[in-house]
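>>> Here is my input, please return the structure:
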Amino acid sequence: MDYSLPAVEPLFLRARKPPPYVPGPGAKRVAAEIGGRLKEARRAAGMTRDALGRALGIGADTLRRYETGERRIPPVRLAAATVLFGLPLSWFFRERDAAGEDEGD
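As a prediction, the model looks like this:
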């Protein structure tokens, strides 16, 4: 008696690969805003890019890319920054008022 299964091509091998994710202008704007707040927190703490980079386990050039919004900061690095600076995560996502926070100071 033959208990072998008939040769059938699995369906998952025929599925097409989805296109790569390309962030839109909204994602780039948010990355720049979060990066700007990271820079603001770093400066308020009196830290250099090198010092913060070492604390986060990244290079100063990578940190510069995060601060300018050229690259999006990974959530694990942002969480480490919140612990390091003693800030709540919501501080990095706070809303700016219509007139701008920097103009009133």
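
>>> which strands and helices sit next to the helix ranked longest in the chain?
Longest among the helix segments of the chain by residue count, using DSSP state H, is helix 25-44. With contacts taken as 3 or more Cβ pairs under 8 Å, 6 or more residues apart in numbering; DSSP states H and E, helix 25-44 sits against helix 60-68, helix 75-85. Every residue, glycine included, has its C-beta placed from N, CA and C.

>>> Turn those into a markdown table, including distance to residue 29 and mean pLDDT.
Output for those, formatted as a markdown table (distance: least, Cβ to Cβ, whole Å; pLDDT from 0 to 100):
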| stretch | distance to residue 29 | mean pLDDT |
| --- | --- | --- |
| helix 60-68 | 12 | 96 |
| helix 75-85 | 16 | 95 |
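
>>> who wins for proximity to residue 7 among those helices?
helix 75-85 (44.5 Å; Cβ to Cβ).

>>> what about dumping the CA coordinates of the closest one to CSV?
Taking C-alpha atoms only, helix 75-85 is exported to CSV below (Å, rounded to 0.1, in the frame of the first residue of the first chain):
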residue,chain,number,x,y,z
PRO,A,75,11.8,52.6,18.4
VAL,A,76,14.4,50.9,20.6
ARG,A,77,16.8,53.8,20.2
LEU,A,78,14.0,56.3,21.0
ALA,A,79,13.0,54.3,24.1
ALA,A,80,16.7,54.3,25.2
ALA,A,81,16.8,58.1,24.8
THR,A,82,13.7,58.5,26.9
VAL,A,83,15.3,56.6,29.7
LEU,A,84,18.6,58.4,29.3
PHE,A,85,17.0,61.9,29.4
